[in-house]
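J.: How does the following fold in three dimensions:
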Amino acid sequence: MPEISRFLGIIITMYYNDHPPPHFHVRYNQQKAIIDIENFSIIEGKLTPRVLGLVIEWAGIHQTELRENWQRARQQQPLEQIQPLE
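T.: Got it, this is the predicted structure:
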């Protein structure tokens with residue numbers, strides 16, 4: 001699972017040929033979640049409110065890049081790194 005970003009201990013990844021809807025995976029310590037790229041809702045898993053807030057802030061800034069990476073993953077192309085939240 002390619003890592004596309006990492007910040008504040010939060011790891012963002014995307015799978016190749018993953019199931020719709022377009023989404024990304026989040027890991028932070030023992031927490032894991034799958035986040036919808038379009039509306040930033042949790043599809044599966046659970047994050048603390050603080051971690052979810054940081055992920056949503058980051059995803060809002062980089063939504064276009066996340067969509068582009070989703071398309072790349074579907075086409076088996078290399079994924080681009082996305083800047084971390086600063």
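
J.: mind listing the strands for the chain?
T.: 3-7, 10-13, 23-28, 31-36, 42-46 (DSSP state E).

J.: what's the closest of these to residue 65?
T.: Smallest distance to residue 65 across the strands of the chain (Cβ to Cβ): 8.4 Å, for strand 3-7. From N, CA and C alone the C-beta is placed, and that goes for glycine too.

J.: Tell me the helices and strands packed up against that closest one.
T.: strand 10-13, helix 49-61 (3 or more Cβ pairs under 8 Å, 6 or more residues apart in numbering; DSSP states H and E).

J.: List the beta-bridge partners for residue 42.
T.: Bridge pairing for residue 42 (DSSP bridges) gives the partners residue 35.

J.: same thing with residue 3?
T.: Under the criterion used here (DSSP bridges), residue 3 is bridged to residue 13.

J.: Quickly note the distance from it to residue 49.
T.: Shown here: residue 3 relative to residue 49, a distance of 24 Å by Cβ to Cβ, to the nearest Å.
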